[in-house]
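Need coordinates for the following:
(4 chains)
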There are 2 protein chains.
Amino acid sequence: MKPENRKNEIVKAAAKLFKEKGYSAVTMRDLAKDLGIKASSLYNHISSKQDLLSAIIISLAEEFTAEMETILNSSANSIEKLKRIVSIHVCISSEHSNGMASLNNDWMHLEHQLPYYLKLRSEYEDNFRRIILAGINTGEIKNEQAEVILFSMLSTLRSLYLWIPNKEEVDTASLTNTLSEVLINGIAK
Amino acid sequence: MKPENRKNEIVKAAAKLFKEKGYSAVTMRDLAKDLGIKASSLYNHISSKQDLLSAIIISLAEEFTAEMETILNSSANSIEKLKRIVSIHVCISSEHSNGMASLNNDWMHLEHQLPYYLKLRSEYEDNFRRIILAGINTGEIKNEQAEVILFSMLSTLRSLYLWIPNKEEVDTASLTNTLSEVLINGIAK
DNA sequence: GTCTATATTTTGATAGAC
DNA sequence: GTCTATCAAAATATAGAC
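Prediction:
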């Protein structure tokens, strides 16, 4: 077993605890106890608590960035692009439900990687906004305030981690369809 | 000046800091420094850090409960009731933007008041769900999965505190209308 | 109402044996 | 790879002077 595997186990356990209580409230002793070892043993695999947070958040942020890039480079129309954004949020949230909690709630506790995270996030939001504005221009999307649409969709998508139980029980394709319908066409008959 | 006033100042400052870094990451020294006093001086006005969290969260949870009661007792149809739910979230979030952060993210750090908070929250969600189901029954609302509709609306409404800058700059009536339109009728033309 | 001084726990992290 | 022992810093909170 490579040391990488043990580190992954630790990161995974950390993400679970960070979701339950938040980064700051989880101690290295809590984490060690969850893994059945002593706190000092953790430091053979990681160099600091901060490293755990970075590992969890940055990999997810980069995954969203990569997926958004693919969508931008596609020839789909704006509504189709929005549906694909819904899809990547459903998929990533169901695969990494615990890590999404840190991405959403504990990013401010990043240290060295904070500027990089903020850059990725603001680029992601800018691209999301451009897709909405393009849809308004082509007449696909209502000319409501684009910022309200962006906020509403992003809020729902970012909260998915709280709602998706775990990947075994989720039909991601079906959830993506229902959620897209609700977000794009509304709920009124 | 009654001691109540000084306590309110402390609670207000605490809510601001809790929003920035979360309850667990804010120390009593941070809070004292923000108020220009020493940490020990805080204890003449409050009995513990935990008290601050309870004061912030429980008063907001009770406010939502009271407003929901009013909506339930009204004779409005389901769509109108949903619009009024949007309205109370916009109003409370613009009045108490900082406190909403604790309500959403730090409720798990409540101690004595945790069961009470959980009761209020689950009753609120039950009432919200019943309004949606009633609307589906009367044909006002599409027969999508009610849980997806509930999740989507609640996620957006709960995130308002992140998005509303401050009450001076927000036209709550206008935001309520735009947000209701987006949530209820969707964004597709 | 705020201060200084301090008690008590808990925290992240290191050193070195096995 | 995990342990015991330990450190240094930081945490919540109290006591008592002013």
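
Check what contacts the helix or strand residue A:125 falls within and list those residues.
Applying DSSP states H and E as the criterion places residue A:125 in helix A:114-138. Helix A:114-138 is contacted from outside by A:57-58, A:61-62, A:64-65, A:68, A:71-72, A:77-79, A:81-82, A:85, A:107-108, A:110, A:141-143, A:146-147, A:149-150, A:153-154, B:187, using Cβ atoms under 8 Å, 6 or more residues apart in numbering or on different chains. Yep, even glycine has a C-beta here, placed from its N, CA and C like the rest.

Close to DNA strand D: what parts of chain A are there?
A:1, A:3, A:6, A:32, A:36-38, A:40-41, A:44-45 (Cβ under 7 Å from any atom of the strand).

element containing the most centrally placed residue in chain A, please.
By Cα atoms, centre = their mean, chain A has its centre lying nearest to residue A:100, at 4.4 Å. Assigned by DSSP H and E, residue A:100 falls within helix A:97-105.

Is there any residue in that helix that contacts DNA strand C?
No: Helix A:97-105 does not reach DNA strand C (Cβ under 7 Å from any atom of the strand); its nearest approach is 14.2 Å.

got the contact list for the residue of chain A found nearest chain B?
For chain A, the residue positioned closest to chain B under Cβ to the nearest Cβ is residue A:186, at a distance of 3.0 Å. Listed by Cβ under 8 Å, 6+ apart, the contact partners of residue A:186 are B:142, B:182-187.

Now the buried members of those.
Neighbour-count burial (16 or more other Cβ atoms under 10 Å in any protein chain shown) applied to the contacts of residue A:186 gives B:142, B:182-184, B:186-187.

Make JSON lines out of these and add pLDDT and secondary structure.
Putting those into JSON lines (pLDDT from 0 to 100; DSSP: H, G, I helix; E, B strand; the rest coil) gives the following:
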{"residue": "B:142", "pLDDT": "97", "secondary structure": "coil"}
{"residue": "B:182", "pLDDT": "98", "secondary structure": "helix"}
{"residue": "B:183", "pLDDT": "98", "secondary structure": "helix"}
{"residue": "B:184", "pLDDT": "98", "secondary structure": "helix"}
{"residue": "B:186", "pLDDT": "98", "secondary structure": "coil"}
{"residue": "B:187", "pLDDT": "97", "secondary structure": "coil"}
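
If we only consider these, which is nearest to DNA strand D?
residue B:183 (38.1 Å; Cβ to the nearest atom of the strand).

helix, strand or coil for the residue lying closest to the closest one once chain neighbours are set aside?
In space, and not counting its chain neighbours, residue B:183 is closest to residue B:153: 5.6 Å by Cβ to Cβ, 6 or more residues apart in numbering or on different chains. Recorded secondary structure, residue B:153: helix (DSSP: H, G, I helix; E, B strand; the rest coil).

Do you have the helices of chain A handy? List them.
For chain A, applying DSSP state H gives helices covering A:3-21, A:28-35, A:39-42, A:49-72, A:78-95, A:97-105, A:114-138, A:146-158, A:160-163, A:172-185.

picking that back up, and the helix holding residue A:125, how far out from the chain's middle?
With Cα atoms, centre = their mean, to the nearest Å as the basis, helix A:114-138 stands 15 Å off its chain's centre.

what's the answer for stretch A:53-66, then?
Taking Cα atoms, centre = their mean, one finds the center of stretch A:53-66 at 8 Å from the center of the full chain.

circling back to that earlier point, distance check, the residue nearest to the centre of chain A against residue A:57.
According to Cβ to Cβ, to the nearest Å, residue A:100 and residue A:57 sit 10 Å apart.

just residue A:163 next, same as before
From residue A:163 over to residue A:57 (counting by Cβ to Cβ), the distance is 20 Å.

Between these two, which has more neighbouring residues?
In this view residue A:163 and residue A:57 are compared by other Cβ atoms under 10 Å in any protein chain shown, and residue A:57 has more residues nearby, 27 against 18.

Tell me the pLDDT of that one.
In this model, residue A:57 is scored at 98, pLDDT.
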